[in-house]
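Novice: Return a 3D structure for these sequence lines:
(chains A and B)
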Amino acid sequence: GAVVSQHPSRVICKSGTSVKIECRSLDFQATTMFWYRQFPKQSLMLMATSNEGSKATYEQGVEKDKFLINHASLTLSTLTVTSAHPEDSSFYICSARDPKGGVYNEQFFGPGTRLTVL
Amino acid sequence: QKEVEQDPGPLSVPEGAIVSLNCTYSNSAFQYFMWYRQYSRKGPELLMYTYSSGNKEDGRFTAQVDKSSKYISLFIRDSQPSDSATYLCAMSANDYKLSFGAGTTVTVRA
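Specialist: Numbers count the residues shown, from 1 in each chain, chains lettered A, B, ... in the order given. Purely as a prediction, here's the structure:
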């Protein structure tokens, strides 16, 4: 199956700093990637949809200026958490859609990034 | 009301038992129904995918969708300790955005 990687897997930062998380599709080209946030024992909440070469589409309630998304190539999307605060601590997961995936284009998920803001 | 409701459990069963999981939803536009398995601190992996109503079987896993009742189920037969994980239901209309349930944590006791 298709593989999606995320880097870093875990990051701890001080309040006020910015953190960049990378999401890569390793063996397919992903025109669309998705960013989710998951709090402990809660579901995945879609934050934004990232389309290669265009601006990301953010879900209601997600601050565009705080969560910067860049999808510069067909295999890489980045999420930058700017001026991070303790309440931004969460598990961030990306997924990538394979446009050649058939009738329904399955999303392949990365392993996630655990962000802790002190 | 949440768009997708799923009992978070936890659910504990002995090895070999049938695990029964379910979700209800409110959005009648959903047409694609999925079950994902998520191990601790890992990303979800797709287990089953169903389009519209009906049953689908894959090895020890059976997925059922009843669109008239807005109810989906996942059954795991002959459960194994390696099936211990969190199971998430997910649904989508035509725009590929997934709406997830809260996830049910399952433990299969050896």
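Novice: For stretch B:13-21, what does the pLDDT average out to?
Specialist: Mean pLDDT, stretch B:13-21: 97.
Novice: who touches it?
Specialist: B:6, B:11, B:35, B:73-81, B:83, B:87, B:89, B:104, B:106-110 (Cβ atoms under 8 Å, 6 or more residues apart in numbering or on different chains). No exception for glycine: its C-beta is placed from N, CA and C like everyone else's.
Novice: Ok, stretch B:101-110 next?
Specialist: By Cβ under 8 Å, 6+ apart, stretch B:101-110 touches A:41-43, B:4-15, B:17, B:19, B:21, B:23, B:38, B:76, B:79-90.
Novice: go with 7 Å
Specialist: A:42-43, B:4-15, B:19, B:21, B:23, B:38, B:79-81, B:83-89 (Cβ atoms under 7 Å, 6 or more residues apart in numbering or on different chains).
Novice: Also stretch B:45-56?
Specialist: A:104, A:106, A:109, B:31-37, B:58, B:61-67, B:74.
Novice: Just the buried ones from the contacts of stretch B:13-21?
Specialist: For the contacts of stretch B:13-21, a neighbour count by 16 or more other Cβ atoms under 10 Å in any protein chain shown gives the buried set as B:6, B:35, B:73-76, B:79, B:83, B:87, B:89, B:104, B:106, B:108.
Novice: possible to save those residues as JSON lines with pLDDT and distance to A:Gln6?
Specialist: Listed next are the buried ones among the contacts of stretch B:13-21 as JSON lines, based on pLDDT from 0 to 100; distance: Cβ to Cβ, whole Å:
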{"residue": "B:Gln6", "pLDDT": "94", "distance to A:Gln6": "25"}
{"residue": "B:Trp35", "pLDDT": "95", "distance to A:Gln6": "22"}
{"residue": "B:Ser73", "pLDDT": "97", "distance to A:Gln6": "31"}
{"residue": "B:Leu74", "pLDDT": "97", "distance to A:Gln6": "26"}
{"residue": "B:Phe75", "pLDDT": "97", "distance to A:Gln6": "32"}
{"residue": "B:Ile76", "pLDDT": "97", "distance to A:Gln6": "28"}
{"residue": "B:Ser79", "pLDDT": "97", "distance to A:Gln6": "30"}
{"residue": "B:Asp83", "pLDDT": "97", "distance to A:Gln6": "25"}
{"residue": "B:Tyr87", "pLDDT": "96", "distance to A:Gln6": "22"}
{"residue": "B:Cys89", "pLDDT": "96", "distance to A:Gln6": "23"}
{"residue": "B:Thr104", "pLDDT": "95", "distance to A:Gln6": "25"}
{"residue": "B:Val106", "pLDDT": "96", "distance to A:Gln6": "25"}
{"residue": "B:Val108", "pLDDT": "97", "distance to A:Gln6": "28"}
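Novice: That concludes my questions; thank you for your assistance.
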